[in-house]
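Chemist: what follows is a predicted protein model with its sequence.
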Amino acid sequence: MSVEQDKKIQSLYASLKNVMVQNLDKDEQEQLLDWMHTLILDTSKERKFQKINGLLKLLDTKESKQYEELVQKKELVRHKNYPTNLKIGDIVSVKYGFGYCSEISNTHYGIVFSEYIAGLYLILPLSSEPLKKKILYLDNLNLPNKDGIKNKRSYIQLNHAKFMYYRRLEKIKGRGTINIGSEEIKRISKEFIDFLNLPIDTGSN
């Protein structure tokens, strides 16, 4: 690191604190810092995880001390609460972190809406608030919530659908696998395509 770069980093540290104090309340400051902490650590763990995977692939045999040591190191950086064997329609807990401008923030439930693609899944987030442009919801999911209301209606926020890295996804505490089923997947798919308003002919030829 050069002297100039070190000075710039120190300046950014100081500037960040001032900007936070001037523009965010205490809760928002805590949320942002907590998310930055998570972002850095998760990214570091994933880099190590991928590096170890690469080294494991180069080994000719699993019967070696080096292999065992790498497996142990891999376990230390593995995503511990990752809901493996995800299927389209599964509901997971998603860490959205500190949202950009009016993007969705914090932790929300979301519907897995794609297969695993290069570390990512397409996620349709759920919320207690409806999207006025397209009111689409699911009932009787019985998801844990801060209000303690059973079978609270869950609205699908199609406007915040996006591909999310797998380390953002976690198992729902106290619940097994929840899947909305094929019929709901078909219904939501149709509504999603309609919501996107793509310039394509979806009718049959």
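Modeler: Done, it's in. Small disclaimer: the values here were computed from a predicted structure and weren't measured.

Chemist: I'd say residue 185 and residue 87 touch.
Modeler: No: contact status for residue 185 versus residue 87: not in contact, 9.8 Å apart, counting by CB atoms under 8 Å. The C-beta positions use only the backbone N, C-alpha and C, and glycine is treated the same way.

Chemist: more crowded one of those two?
Modeler: Each of residue 185 and residue 87 has its neighbours counted (other CB atoms under 10 Å); residue 185 has more, 16 against 10.

Chemist: name the element that one belongs to?
Modeler: In the assignment (DSSP states H and E), residue 185 maps to helix 182-196.

Chemist: ok so residue 70 is a helix residue?
Modeler: Yes: assessed with DSSP: H, G, I helix; E, B strand; the rest coil, residue 70 lies in a helix.

Chemist: OK, contacts around it?
Modeler: By CB atoms under 8 Å, 6 or more residues apart in numbering, the residues touching residue 70 are 52, 55-56, 59.

Chemist: just the pLDDT at it, thanks.
Modeler: For residue 70, the model assigns a pLDDT of 96.

Chemist: now it: how far from residue 46?
Modeler: According to CB to CB, to the nearest Å, residue 70 stands 16 Å off from residue 46.

Chemist: one more: residue 5?
Modeler: From residue 5 over to residue 46 the distance is 25 Å, taken as CB to CB.

Chemist: between the two, who's got more neighbours?
Modeler: Shown here are residue 5 and residue 46; by other CB under 10 Å, residue 46 has more neighbours (17 against 9).

Chemist: not counting its neighbours along the chain, what's nearest that one?
Modeler: In this structure, residue 46 finds its nearest non-sequential neighbour in residue 167, 6.1 Å apart by CB to CB, 6 or more residues apart in numbering.

Chemist: burial count for that neighbour?
Modeler: Neighbours of residue 167 using other CB under 10 Å come to 18.

Chemist: equivalent analysis for residue 16, please.
Modeler: Neighbour tally, residue 16, other CB under 10 Å: 13.

Chemist: are we agreed that it is in a helix?
Modeler: Yes: counting by three-state DSSP, residue 16 falls inside a helix.

Chemist: so how far is residue 100 from it?
Modeler: Taken as CB to CB, the span from residue 16 to residue 100 is 16 Å.

Chemist: and the gap between the residue most central in space within the chain and residue 50?
Modeler: When CA atoms, centre = their mean is applied to the chain, the residue found nearest the centroid is residue 168 (3.2 Å). Note on residue 168: its distance to residue 50, by CB to CB, is 16 Å.

Chemist: equivalent analysis for residue 123, please.
Modeler: 22 Å.

Chemist: compare those two (neighbour count), which wins?
Modeler: More crowded of residue 123 and residue 50, by other CB under 10 Å: residue 123, with 24 against 12.

Chemist: name the SS class of that one, please.
Modeler: strand.

Chemist: touching, it and residue 95? I think so.
Modeler: No: under the criterion of CB under 8 Å, residue 123 makes no contact with residue 95, lying 10.9 Å away.
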